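Peer 1: Following is a predicted model, sequence given first.
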Amino acid sequence: MSFSGTVESDFIKFSKIPEERKPTFINFAATDFQSLKGALIDYIKSVYPEDFNSFYSSELGMMLVELVAYMGAVTSFKTDALANECFLRTVKTRNNLIKLLELIGVSLRGPSSASARGQLEWAPVGAGTSVPSPFSFSPANRVVSLASPEDGSPVTYTLYKLDSNDTIEQIADPGDTLEFTDTDANNSPLNTLYSNMALVEGTFIVESGSFSTAERVKTIALTTGPVIEKSVRIFVEELGQSPNDATGPYVGVDKLFSASGPTDKIFELAYDDDFNATVIFGDGTFSQNPPANSTYTVTYRVGGGSRGNLEKEAINAIVTDVAGNEWRLENITPMTGGRDAETFSEAKRYGPYTFKTQDRLVTLQDYAAFVNRFQSSTGNSAKGIALTRDAYSSGNIIDLFVLEKATALQFQKASPTYKKDLLEAVQDLKMVTDQVVVNDGLIRSIDLSLTVTLDKAYKEIAEQIKLNIGSIITSFFEVGEAEFGKDFVKVELERAIFNLPQIRFTTIENIPDVIYLDPNELIQLNNFDLQLVFI
């Protein structure tokens, strides 16, 4: 007699199943609770037909079957979840994403700092006080603090001078005084107004020390965090040596293996989960290894994040120059660009592309991935896309359309500093025959009018439901989720809101079903009006 694994006749109960044949009755495809329960019942019917044949829900034996099915379903789920954490496409937890990206030499970007244009106006202590020229500010007097409108905690801003190209100068040298002369003035009467300056969020930290003789690979553990991206500057001095090959400023790079030789003065930053940083130098093979007993000075800024974004003229403080004269300091543009660390979705999307580029830019995808993870010298980031021109004679011209990230929900035109830094970074990686042009992307702002229908039983928690719906809408339009040329399909937002269990249906009334975008456009939410209807 042969056994097929199914019970086709009552006569099979007179046959005893050999031990070696019992595994053939197991359904290995069962993974969820119901399929496991059914597979266990089928197995019992086939292998133990005379021992148990009462398959009612009130039976003790069925309770045991369901308990085994429950444990099998939990184990199956955990196995699938652990397997998903091993792949970038399916990973769900931030710590595992960080570890997977480290395998391919990609690090998550840390917080960036907000910045704005500043203005100094002469504020004399007494009448008749003459306007000084030149005047300067010490490092301590270049800093102002106020409460963040986001969380009420103190947030610090530092004053920098802008050069003729509207880019920040002296950003790496907080130890010097910041000097202004008559040529910096705005042609105001008696030169009482100066606006060639920037305010950048972050508290300055200066640390110094010397390298140990026991270290093969030199490291510096920075004592304060979170460290703002692109803010670390290092100067090493090799004592008692001639020539002093290791003396000089060191430049931060993403990875030390990008060095061109053993004398490159570069360093790499390693961040922990809280974005505290450790500086790592080369070993003398790929890049410069600072010698034992040489000294170092490290400057960096601490802070960053969306909490540093402010409205125009939110900073209105009196600062004192070196001579003791008072000046009124204001931000004459909104303080923007402050963002929290790179989001989960952004890292998953652009991390693999960053690895594929291998420090060279060939395809349009290479350029897009580079722009979307690039940060300027002040730590600002942008959303970008790369396009080629249709004309045959200009096929080697790469147009980079970029919009700088102003807040969690808003974009702005990229600053001159960002554009300059981006072009300089691209020049070293692009193909020789490519010509790169940085252009401003276009913002398509929309206002939404939504009607959400709910059961009248939820009236008592209407305000909480409104908050939940608002959270879904703002998450849908976060700058990290926006894409150039991605059409807005309103049913996608309606479905996202419908996922709330209290919602019966959602209607967006004031826009067409689809808003079609050009490749250099992206959608930005301006405002939304939410109406709840109870039935």
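Peer 2: Received, thanks. Residues are numbered from 1 along each chain as shown.

Peer 1: how's this protein carved up into domains?
Peer 2: Here the domain parsing of the chain from automatic domain parsing is 10-84, 115-202+305-331, 205-302, 344-440, 443-534.

Peer 1: okay, those domains in TSV with mean pLDDT and mean neighbour count next?
Peer 2: From N, CA and C alone the C-beta is placed, and that goes for glycine too. As requested, these are exported to TSV (pLDDT from 0 to 100; neighbours: other C-beta atoms under 10 Å):
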stretch	mean pLDDT	mean neighbour count
domain 10-84	81	13
domain 115-202+305-331	81	16
domain 205-302	83	17
domain 344-440	86	18
domain 443-534	91	15
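
Peer 1: Please enumerate the helices of this protein.
Peer 2: Remark: helices assigned in the chain by DSSP state H are 33-47, 60-84, 94-103, 344-357, 364-373, 416-427, 462-476, 490-498.

Peer 1: okay, those helices in CSV with distance to residue 287 next?
Peer 2: Listed next are the helices of the chain as CSV, based on distance: least, C-beta to C-beta, whole Å:
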stretch, distance to residue 287
helix 33-47, 56
helix 60-84, 37
helix 94-103, 20
helix 344-357, 20
helix 364-373, 22
helix 416-427, 18
helix 462-476, 41
helix 490-498, 47
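
Peer 1: so which of these gets nearest residue 217?
Peer 2: Nearest of the helices of the chain to residue 217, taken as C-beta to C-beta: helix 94-103 at 17.2 Å.

Peer 1: Any buried residues in that closest one, and which?
Peer 2: Using 16 or more other C-beta atoms under 10 Å as the test for burial, helix 94-103 gives 96-98, 100-101.

Peer 1: Against residue 341, how distant is the residue nearest to residue 209 when sequence neighbours are not counted?
Peer 2: Counting by C-beta to C-beta, 6 or more residues apart in numbering, residue 296 is the residue found nearest to residue 209 once chain neighbours are left out, at 6.1 Å. Separation of residue 296 from residue 341 (C-beta to C-beta, to the nearest Å): 26 Å.

Peer 1: what do you get for residue 282?
Peer 2: As judged by C-beta to C-beta, residue 282 and residue 341 stand 26 Å apart.

Peer 1: same check, this time on residue 53
Peer 2: On the measure of C-beta to C-beta, residue 53 and residue 341 end up 60 Å apart.

Peer 1: Same check on residue 434?
Peer 2: With C-beta to C-beta as the criterion, residue 434 and residue 341 are 32 Å apart.

Peer 1: Equivalent analysis for residue 146, please.
Peer 2: As for residue 146, its distance to residue 341 is 23 Å (criterion: C-beta to C-beta).

Peer 1: now residue 508
Peer 2: 32 Å.

Peer 1: Check residue 369 too.
Peer 2: With C-beta to C-beta as the criterion, residue 369 and residue 341 are 18 Å apart.

Peer 1: What of residue 394?
Peer 2: In terms of C-beta to C-beta, residue 394 sits 38 Å off from residue 341.

Peer 1: show me the contacts for the residue nearest the centre of the chain.
Peer 2: Centroid-nearest residue in the chain: residue 342, 1.2 Å away (criterion: C-alpha atoms, centre = their mean). Residues near residue 342 by C-beta atoms under 8 Å, 6 or more residues apart in numbering: 108-110, 373.

Peer 1: which pair in those spans the largest distance?
Peer 2: Taking C-beta to C-beta, the two most distant members of those are 110 and 373; they sit 12.1 Å apart.

Peer 1: which residues in the stretch 401-535 of the chain form strands?
Peer 2: 411-412, 435-440, 442-454, 488-489, 503-508, 514-515, 521-534 (DSSP state E, counting those that start in this stretch).

Peer 1: Residue 190 touches residue 131, doesn't it?
Peer 2: Yes - contact between residue 190 and residue 131 holds when scored by C-beta atoms under 8 Å: they sit 4.8 Å apart.

Peer 1: which residues are in contact with both of the two?
Peer 2: Counting by C-beta under 8 Å, 6+ apart, the residues touching both residue 190 and residue 131 are residue 122.

Peer 1: if we can go back for a sec, using CSV, please lay out the domains of the chain together with distance to residue 91.
Peer 2: Below are these laid out as CSV (distance: least, C-beta to C-beta, whole Å):
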stretch, distance to residue 91
domain 10-84, 7
domain 115-202+305-331, 24
domain 205-302, 15
domain 344-440, 7
domain 443-534, 17
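
Peer 1: Select, out of these, the one closest to residue 337.
Peer 2: Residue 337 sits nearest to domain 344-440 of all the domains of the chain, at 4.4 Å, using C-beta to C-beta.

Peer 1: The closest one: end-to-end distance?
Peer 2: 26 Å (C-alpha to C-alpha, to the nearest Å).

Peer 1: ditto for stretch 497-504
Peer 2: 10 Å.

Peer 1: What lies in contact with it?
Peer 2: Around stretch 497-504, the neighbours that count as contacts under C-beta under 8 Å, 6+ apart are 450, 452-455, 458, 461, 465, 468-469, 472-473, 505-506, 535.

Peer 1: In terms of distance to residue 65, which of the residues you listed ranks first?
Peer 2: For those, the nearest to residue 65 is residue 455 (37.9 Å; C-beta to C-beta).

Peer 1: who's in contact with the closest one?
Peer 2: Neighbour list for residue 455: 502, 504, 534-535 [criterion: C-beta under 8 Å, 6+ apart].
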